[in-house]
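Asker: how would this look folded up:
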Amino acid sequence: MPTPLFRVALLLLLLTGCRAAPPIPQSPDLEVEKLLQRLRAAPDDGLATYELAARYAVLGEKEQALRWLERLESLRWSFALGDPHFGALAQTPEYRAVAARLAGLQPHVARSRPAFTLSEKALTPEGITYDAVTDTFFVSSIRKRKVVAMARNGQLRDFTASGQDGLLGVLGMKVDAARRHLWVASYASRGMENARPEERGHSGLFQYDLRSGVLLRKFPLGNQPRANLLNDIALSASGDVFVTNSERGTVSVLRTGTEALALLMPEGTLPYPNGIALSEDGARLYVAHAHGIASVDTSTGQHTPVQAPPGVLLAGLDGLSAYRGSLIGIQNGFGRGRIVRFHFGADPTRVERAEILESGNPLFDIPTTGTVVGNTFVYIANSQLRRRGPQGELLPPEQLDETVLLQVELGE
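Answerer: Residues are numbered from 1 along each chain as shown. All right, here's what the predicted structure looks like:
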């Protein structure tokens, strides 16, 4: 089936003077073979090329990894490499040379300015949400297993204590301003303090009273028959709660008036769903996953892929926010991260153009999520998610940086 496409793509590469793709053999490694299949169908797939180079690096196949990184360069890939994806290879001079050339292709856009700095270094923050009623930001902590609240003047306090109510590592959150609730997604991360092996694969959805901080309801999920990872949250005007389950490849929903999470779509529908945003008319969910963005009917779970013009990559997104006929995403899945805005036209399932809001910022250390506040997007610039010791251990606070929140004006 892919042979005609491969021949056409190869001819185009030769005509445009690009370096031809390396031969695509079969591989005994299942992950490698899946990526090779994608490249047989679409030789110019930069994301698959990046992932393949990283996989070869993990397998210790240095020459193959470098070969596919050079292929990435010939495709004019505009995302600087994320060194942790390439393991020990990242320390070699050959890798450093190609990484420097690829970094030179990354656009540098500097539009952000400082918003807040969190003095507590060992948070490993992941999620952020905003309560317009009290002008308060809430930031989640994976490492400390808690939620902190921050006033506009930067004053910080614990909204929950570490591990309170059985909190695991805390990820996405959403404020229900009308009902005065805070919804929190939590999962058993090995990067959280006091992690126990028996907790692996456990997750939960927590509902708190915004005024008192008291737990109202808790929806725990175990690790049977499969692991769970509730990741990010969207809320409807009627109070329905939608949450991505990254490990199970689906979106779950807690309908108003019900007492149990239900699947909105079958398990395995999406590859690692992550960021989620509700369209402004409430008709569809936009769900970021490993390979792009899905538009999901909030009632039926039926979904279609969001389309984009050539050269606009919708993959690798973490946080996702809707704003005035556009989506703002933090693209951190395959490089050093950037903030991008996808503009829609009349068709809410087709991106017309992409606008880079921030790229190449030296503060970036895996930016994760953000929240829209008026006409401003406030986001976590340096989650430090991969700041670990050589054995995967948590680093002491003195080896971490203060968490920086940046803000970028969105305009019309």
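
Asker: which stretches of the stretch 1-150 of the chain have low pLDDT?
Answerer: Residue ranges of the stretch 1-150 of the chain with pLDDT under 70: 1-27.

Asker: helices along that one, start to end?
Answerer: Along the stretch 1-150 of the chain, the stretches classed as helices by DSSP state H, counting those that start in this stretch are 3-16, 30-41, 46-58, 62-74, 93-105.

Asker: for the residue positioned nearest the centre of the chain, helix, strand, or coil?
Answerer: By C-alpha atoms, centre = their mean, the chain has its centre lying nearest to residue 318, at 1.6 Å. Recorded secondary structure, residue 318: strand (DSSP: H, G, I helix; E, B strand; the rest coil).

Asker: start the count at 153 instead of 1 going forward.
Answerer: All set: I'll call the first residue 153, so the last point we hit is now residue 470.

Asker: give me the distance between it and residue 374.
Answerer: Separation of residue 470 from residue 374 (C-beta to C-beta, to the nearest Å): 25 Å. Bear in mind the C-beta positions are built from the backbone N, C-alpha and C, glycine included.

Asker: likewise for residue 205?
Answerer: Per C-beta to C-beta, residue 205 is found 36 Å from residue 374.

Asker: give me the more crowded residue out of the two.
Answerer: More crowded of residue 205 and residue 374, by other C-beta atoms under 10 Å: residue 205, with 27 against 13.

Asker: just checking, residue 395 touches residue 359?
Answerer: No. Here residue 395 does not reach residue 359: they are 11.6 Å apart, not a contact under C-beta atoms under 8 Å.

Asker: returning to what we had before: out of the helices of the stretch 153-302 of the chain, which one sits most buried?
Answerer: Ranked by mean neighbour count, those are led by helix 198-210 with a mean of 23 (mean count of other C-beta atoms under 10 Å).

Asker: how distant is that one from the center of its chain?
Answerer: Computed by C-alpha atoms, centre = their mean, to the nearest Å, the chain-centroid distance of helix 198-210 equals 18 Å.

Asker: packing partners for it?
Answerer: Contact partners of helix 198-210 among helices and strands, from 3 or more C-beta pairs under 8 Å, 6 or more residues apart in numbering; DSSP states H and E: helix 182-193, helix 214-226.

Asker: quick one on the thing from earlier: distance to residue 426 added to the helices of the stretch 153-302 of the chain, as a markdown table?
Answerer: A markdown table is the format used below for these (distance: least, C-beta to C-beta, whole Å):
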| stretch | distance to residue 426 |
| --- | --- |
| helix 155-168 | 29 |
| helix 182-193 | 19 |
| helix 198-210 | 15 |
| helix 214-226 | 23 |
| helix 245-257 | 24 |
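
Asker: tell me which of those helices sits nearest to residue 440.
Answerer: helix 198-210 (13.3 Å; C-beta to C-beta).

Asker: quick one: contacts of that closest one?
Answerer: In this structure, residues lying in contact with helix 198-210 by C-beta atoms under 8 Å, 6 or more residues apart in numbering are 181, 183-184, 187-188, 190-191, 194, 214, 216-218, 220-221, 223-224, 227, 229, 231, 237-242, 443, 465, 467-468, 486.

Asker: what is the orientation angle of it with helix 245-257?
Answerer: Here helix 198-210 runs at an angle of 160 degrees relative to helix 245-257 (axes from the mean of the first three to the mean of the last three C-alpha atoms, to 10 degrees).

Asker: using PDB, write down the CA coordinates of helix 198-210.
Answerer: Output in PDB follows, covering the C-alpha atoms of helix 198-210 (Å, rounded to 0.1, in the frame of the first residue of the first chain):
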ATOM      1  CA  GLY A 198       9.300  14.700  10.800                       C
ATOM      2  CA  LEU A 199       7.700  13.500  14.100                       C
ATOM      3  CA  ALA A 200       8.200   9.900  13.200                       C
ATOM      4  CA  THR A 201      11.800  10.600  12.100                       C
ATOM      5  CA  TYR A 202      12.500  12.300  15.400                       C
ATOM      6  CA  GLU A 203      10.900   9.500  17.400                       C
ATOM      7  CA  LEU A 204      12.800   6.900  15.400                       C
ATOM      8  CA  ALA A 205      16.200   8.600  16.000                       C
ATOM      9  CA  ALA A 206      15.300   8.700  19.700                       C
ATOM     10  CA  ARG A 207      14.300   5.100  19.800                       C
ATOM     11  CA  TYR A 208      17.600   4.000  18.100                       C
ATOM     12  CA  ALA A 209      19.500   6.100  20.700                       C
ATOM     13  CA  VAL A 210      17.700   4.300  23.500                       C
END
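
Asker: list the contacts for the closest residue to residue 344 other than its chain neighbours?
Answerer: Once flanking residues are discounted, residue 344 sits nearest to residue 321: 4.0 Å by C-beta to C-beta, 6 or more residues apart in numbering. By C-beta under 8 Å, 6+ apart, residue 321 lies in contact with 276, 278, 293, 294, 295, 297, 338, 339, 340, 341, 343, 344.
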